[in-house]
Structures are given as C-alpha cells and as structure tokens.
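Asker: below are the sequence and a predicted model; questions follow.
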Amino acid sequence: MALSTPASDTSLPTPGGAAPAALPSTRAVRGSSLYRDAWRRLLRNKLAVAGGVTVILLCLIAIFADFLAPFSYTKPNFGRLNEFPSREFPLGTDQLGRDQLSRIIYGARVSMLVGLGSQIIVLAIGVPIGLISGYVGGRVDLVVTRFVDVMYAFPRLLFVILVMSMLGAGLTNIFIAIGLTGWVGISRQTRAQVLSIKEKEFVEGAKSLGAGFWRVVSRHVLPSALTPIVVSVTFGIPEAIFYEAALSFIGVGINPPTPSWGQMVGENQQFLRSYWHLCVFPSIAIAVTMLSFTFFGDGVRDALDPKMK
Amino acid sequence: MARYVLYRLLWLIPTLLAMAVITFLVMHATPGSPLDPVAEGANPLSPEAQKNLAAAYGLDKPLWQQFGIFLGKALQGDFGQSFVYRTRTVTEIMRETFPISLFLGSMALALAIVGGITLGVLAAVYQNRSWDYVSVSVATLGVAVPNFVLAVFFIILFSFVIPLFPTGGWGSPNQWVLPTITLSLAPMGIIARFTRSSMIEVIRSDYVRTARAKGLAERPVILRHVLKNALIPVVTLLGPMFAAVGTGSFFVESIFRVPGMGRFFVLSMTGRDYPMIMAVVLIYGAFLALMNLAVDLLYGALDPRIRY
C-alpha cells in the first residue's frame, strides 16, 4: 500500500495554534541540547506559555480543592435550589441547592486526574508494545501491527463508550477504557521511531560493544524516540479529558455525587433556557481547559520539532 | 489499480470480522446482562421469565453459537430485533435514522471543507497578521473544544440572546443550521490548520517564486499555483474527518434533538441492546473503511506521483 492516511488529528504536522513567535532560530546551534533549545523556543511562544500557566493553575486548583471550595460539593441545600449567581454563590446553585463554584472546583480534580493519569497507563502499555514490535520485528511485529490496524479501524469514541457502558461508570473504569484504546497511537509512533533508529550506526556500535537488549533499548533507542512520545502525550492529555467529559455527559462517566464538568453540562443541558448558569459555567471550564492544553501542546510540538513550522 | 481496490476491499473483511469479535467479546465478557432491569434498584425478573426471554433472544446458547447465528443473519442484512425498542428490528431503525445522520454529516462536512480551506488560505496568505490569528483561533477553538460545549454556547447565543434559530428539532431547514455548524467546527479546524501549513510550505517553493517572477498577479499565483498543490495532502484528512463527524454527531444529535443514529447508539449502549450495538459498530466501521478507501483513491487521482 502506497498510502497511509493520518490517523488522528493529533499526529498531523499542523502548525500551531499559532506559534509565530517561535522561530527556529536556534536550530543551527548544535552545541546546546535539544531539550534546552526546545525549552527556550517554548518560552518564547506566548500562547503556549499562557496555556502552560493555566494548566499549572488548574492542577493547583485540583490539588487544593479542599481549601479553595467555599462549600461542600455533595451537601444539598433544599432551601436554595437553582439560584442564579449571587454574592453568596458566585456561580449559583444547582437543582439540589449545591454550590456550583465548589462543584466546578472539585470537577477540576476529575479532569486533571483523568488527563494525566490515563496517559501513564497509555505510556505503560503503548511504549513497550511499540518498542518490542519495532525492535524484535519479524512475526511478532506482523501480529502486533495487524492488531493495531484493527484497533485503528475502530472508531475510538465508540469503543470507549462501549467499554464504559459495559463496565459501568466510575473513575477506575474510565482509566481502563481510555488506557485500552489510547495505547494504539503511541505504540505506532514508538514502533516507527524504533524502526528508523535501530539500523543507525550508534545502535550498531553499542551492540558491537556487547550491549544487551535492555541496555540498547533503554540507553540508545528510547531516548531517541522520546520526542514523538512527548508530543503524543501532550496531545493525549486533552484527548483523555475530552473522553471523560463526553462519557460523563452521556451519563456513563463519573458516578454522582462526584462532580465532573461533562456530567454537569449533560445533566443541565435540558434546563438551558430556564437555568443557563448550570450549563454555562462548566462548559466554560471545559473549554478553557481544553484550549490551554491544546495551546500548550501545540507549543511543545513546535518547540521540539521546529521543522514542522 | 483494480487490484489495489480489490485488495483493500478484501482486507475489509477480516477487519470488520475482528471488530465484530472484539465488540461481541466486550459485550459478553463484562458483568451484567440485557435481562437486568433498566431502572436502578428495580426488582429483577423472575428466573423463569429470564430463562424464557433468554431463549427467545437466543441468549441461552453458547457464545460461539450466538456469534455464528449473528454473523449468518448479519450477512443477509438482518441484525435482529432490538432489545430496547422491542417492536422494531435493528435494520428498520437503521434504515430510518442513518439517512438523517448521513444528511447532517454531509452538510457539516461540506461546510467544514469550504470554511476550513477558506480559513487556511487566509491564514497562509496573511501569515502572522491579524487574519492569520483570527483563522488560527477559530481553528483551534473548533479542534479543542468538545462540540457539546460549543452547542451550549451556540444555543445561548443564537437561540436565546439573538433568537435566530430554534434550539432543536429536525423539521425545517431553519433547524438544520445550528447542528450543522456545531458539527462542522471540529473538522473545519482540522482542515484549516492543515491547509495553512501545507500552503505555507508551497508558497516557499521554487515554482511559486518563478510564477511571481514572471509577473503573475498575486491572485492567480495563490489560487492556481499554490492552492491547487497545497490541497492535495489535505485530501488525506477527509478519512479521519468522517470519523470526527460520525462520532461527533452522537452529541450534536442528542443536544439538538435530531432523530438520527447517534441518539439510538448511546441508548443502545447503556441499555445493553446487543443487536443494536453490533449493528452500529459494524455499519460505522464499514462506512469509515470505505470512506478511507475512497479518499486514498481520490488522492491517487489528484497526485499523479502516487501509484498503486
């Protein structure tokens, strides 16, 4: 087959949300390390920095939710149902009289946990599989690649929803569902990198000096394959956050009363006309989070691979 | 060429079969059964009734046999009776809802292609100027923000604040506008970003410099020389975009109350409607694979350097 279509929009060499500020001017400097250069390019990209700062803020909100939230996220207050934003409740109260602000603050926890945590699982499954399939080659590679192709043909969101509706809602199951489907892309990328690296002289040199499989892989192959892995993780995070929000929106994601932004939008979307505030604020939270991660991810990709600009 | 098409079509068979097996296993290997009560905490059916129902739906047979029966019937276009909508067959429901989803998807895709290319061209021609920022912002917004969130904002803006369009339904063309726009933004963003980078690459090439050097005006340079060549790689995007539009429509359809396939899909999943789930996954997978094939062929036709 002469052709392959780009598998997902994250792997496309699109130019970033706009990182015109990050010109590849430091590309010629061979003396400093790739990552120091990349860091410098990243810092020069204003949108990426803004995204990164927002991401850090969101993480802090998630960690310190207990101190930041003015009210409990579970305790109903039946005297104050569906109230519009006021001084006491800056974002209003929901159908059970719970403070929306507190629920949105706690909602950050779920989003961040899913975004970052699922990527650890994805890495733990995808990298070794891609590595072995690329490095060992032969029949192993053939079987793995065929399986990966089938998984790719599967519409991912469909599969995630399927797994979730079968396993039932809950945070652990979200990790399982995203982990089960997310490793495919990263394993493909790792494999491609390994294939291009394993024939290089420095790997051959290491082997001829008597380096074993693990040494070659951990000291030579993996570090060289790191860049696409990092890029794919930075895009995997918002993707995972999206899946959680989408699942919770449908009602197969996070179990109530734990608040999740997607769930809040899904539950209240039918009351949009009467109680707009119930839907709008969590929507804004999702939008801001997704945009921050995307800007940051675009910046990371452009910084690591200035050729793509 | 014919060999290549045949090869790809034949390859579709094991792919779909594998998808069917995986879906089937996931459905049956996980705890719970379609005979469980739908409502939470409701009393379960009596064991006798469960047994009768299982026999009626063929759920009492061993798994491999169930799969075989399903496969045999599915090949004849019969996906069985829906568990949730008990009076109707899956094929009936699909025949009714799939065209609606397809129509919505096609409109969204058309809008995405036109809008995305326009945005991408503007961004590339005015690189690093305000048009670039505007179009890149729109593109990033479309790519990054989930469409159910966009839908909320659109309903508030264009139904409540400025009452231009109804909040949902699927009768008059007036009701098509918001779901189409919502669904189109994600693929539009993807196309815009890709078109931009592809255009920028082509603008720097030698033959464009030559075209300019011979005194050609900017418009024909951009439209005839740059755009034509820059769009070739953009075609490869159409494949994944069908996926984006297809899965995106689950949310858009449920928010805007469009009677398409998407709503049934979610309900069938949560209701453990086995026949319905299998049908949706397979139809969707086959559709996607065929579209990918069509895109690859189109790509070959546009770019004479590609040979099969």
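Answerer: Perfect, I can see it now.

Asker: next, name the residue at the spatial heart of chain A.
Answerer: A:Ile237 (0.8 Å; C-alpha atoms, centre = their mean).

Asker: excluding chain neighbours, what is closest to that residue?
Answerer: Ranked by C-beta to C-beta, 6 or more residues apart in numbering or on different chains and with sequence neighbours excluded, the top spatial neighbour of A:Ile237 is A:Gly115, at 4.3 Å. For glycine as for every other residue, the C-beta is placed from the backbone atoms N, C-alpha and C.

Asker: which residues sit in contact with the residue nearest to the centre of chain A?
Answerer: A:115-116, A:119, A:293, A:297 (C-beta atoms under 8 Å, 6 or more residues apart in numbering or on different chains).

Asker: go again with 10 Å.
Answerer: A:Ile237 is in contact with A:55, A:111-112, A:114-119, A:122, A:289-290, A:293-294, A:296-297, counting by C-beta atoms under 10 Å, 6 or more residues apart in numbering or on different chains.

Asker: can you list the low-confidence ranges for the chain?
Answerer: Went with chain A since none was named. Chain A contains residues with pLDDT under 70 at A:1-32, A:306-309.

Asker: try chain B instead
Answerer: Across chain B (using pLDDT under 70), the flagged ranges come out as B:37-42, B:240, B:243-244, B:247, B:306-308.

Asker: tell me the centre residue of it?
Answerer: B:Gly246 (1.7 Å).

Asker: now that residue: which helix or strand?
Answerer: Applying DSSP states H and E as the criterion places B:Gly246 in helix B:238-255.

Asker: next structured bit after that helix?
Answerer: Taking DSSP H and E, what comes next after helix B:238-255 is helix B:261-270.

Asker: what about that following helix, distance to the chain center?
Answerer: Helix B:261-270 has its C-alpha centroid displaced from the chain centroid by 15 Å (C-alpha atoms, centre = their mean, to the nearest Å).

Asker: dihedrals phi and psi, the residue nearest to the centre of chain A?
Answerer: Reported as degrees, to the nearest 10, the phi and psi values for A:Ile237 are phi -60, psi -60.

Asker: for chain B, see how far away it is.
Answerer: 12 Å (C-beta to the nearest C-beta, to the nearest Å).

Asker: same question, A:Val136
Answerer: Taken as C-beta to the nearest C-beta, the span from A:Val136 to chain B is 22 Å.

Asker: what residues of stretch A:70-83 count as buried?
Answerer: A:71, A:73, A:77, A:80, A:82-83 (16 or more other C-beta atoms under 10 Å in any protein chain shown).

Asker: now swap in stretch A:216-228 and tell me
Answerer: Neighbour-count burial for stretch A:216-228 [16+ other C-beta under 10 Å]: A:216-217, A:220-222, A:225-228.

Asker: so which of the residues you listed are in helices?
Answerer: The members of these that map onto helices under DSSP state H are A:222, A:225-228.

Asker: can you narrow those to ones near chain B?
Answerer: Applying C-beta under 10 Å from any C-beta of the partner chain to those, one finds that nothing falls near chain B.

Asker: can I get the residues you listed in CSV including distance to A:Leu171?
Answerer: As requested, those are exported to CSV (distance: C-beta to C-beta, whole Å):
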residue, distance to A:Leu171
A:Leu222, 30
A:Ala225, 31
A:Leu226, 29
A:Thr227, 31
A:Pro228, 29
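
Asker: list the contacts of B:His225.
Answerer: B:His225 neighbours (C-beta under 10 Å, 6+ apart): B:202-203, B:205, B:207-208, B:210-212, B:216.

Asker: let's see it at 6 Å
Answerer: B:208, B:211 (C-beta atoms under 6 Å, 6 or more residues apart in numbering or on different chains).

Asker: before we move on, back to that, relative to A:Ser196, how far out is the residue nearest to the centre of chain B?
Answerer: For B:Gly246, the distance to A:Ser196 equals 33 Å [C-beta to C-beta, to the nearest Å].

Asker: can I assume B:Thr15 is in contact with A:Met151?
Answerer: No - taking C-beta atoms under 6 Å as the definition, B:Thr15 is not a contact partner of A:Met151, at 10.3 Å.

Asker: show me the helices in the stretch 151-300 of chain B, by range?
Answerer: B:177-203, B:206-213, B:218-220, B:228-235, B:238-255, B:261-270, B:274-302 (DSSP state H, counting those that start in this stretch).

Asker: so which of those helices is nearest A:Phe64?
Answerer: Among those, helix B:238-255 comes nearest to A:Phe64, with 31.8 Å by C-beta to C-beta.

Asker: angle of that closest one against helix B:177-203?
Answerer: Between the axes of helix B:238-255 and helix B:177-203, defined by axes from the mean of the first three to the mean of the last three C-alpha atoms, to 10 degrees, the angle is 160 degrees.

Asker: what residues does helix B:238-255 touch?
Answerer: Contacts for helix B:238-255 (C-beta under 6 Å, 6+ apart): A:5, A:155, A:157, B:101, B:105, B:108-109, B:147-148, B:151, B:179, B:182-183, B:186-187, B:260, B:262-263, B:265-266, B:288, B:291-292, B:295.

Asker: repeat that with 7 Å
Answerer: Residues outside helix B:238-255 that contact it (C-beta atoms under 7 Å, 6 or more residues apart in numbering or on different chains): A:5-9, A:155, A:157-158, A:246, A:249, A:269, B:101, B:104-105, B:108-109, B:147-148, B:151, B:179, B:182-183, B:186-187, B:190, B:258, B:260, B:262-263, B:265-266, B:284, B:288, B:291-292, B:295.

Asker: and for stretch B:113-122?
Answerer: B:131, B:135, B:138-139, B:184, B:187-188, B:191-192, B:195-196, B:199, B:227.

Asker: out of those, which are close to chain A?
Answerer: Checking the contacts of stretch B:113-122 against chain A by C-beta under 7 Å from any C-beta of the partner chain, the ones in range are B:Arg196.

Asker: quick one, helices of chain A?
Answerer: A:34-44, A:46-63, A:65-68, A:100-136, A:138-153, A:156-167, A:171-198, A:201-208, A:213-215, A:222-250, A:261-268, A:276-304.
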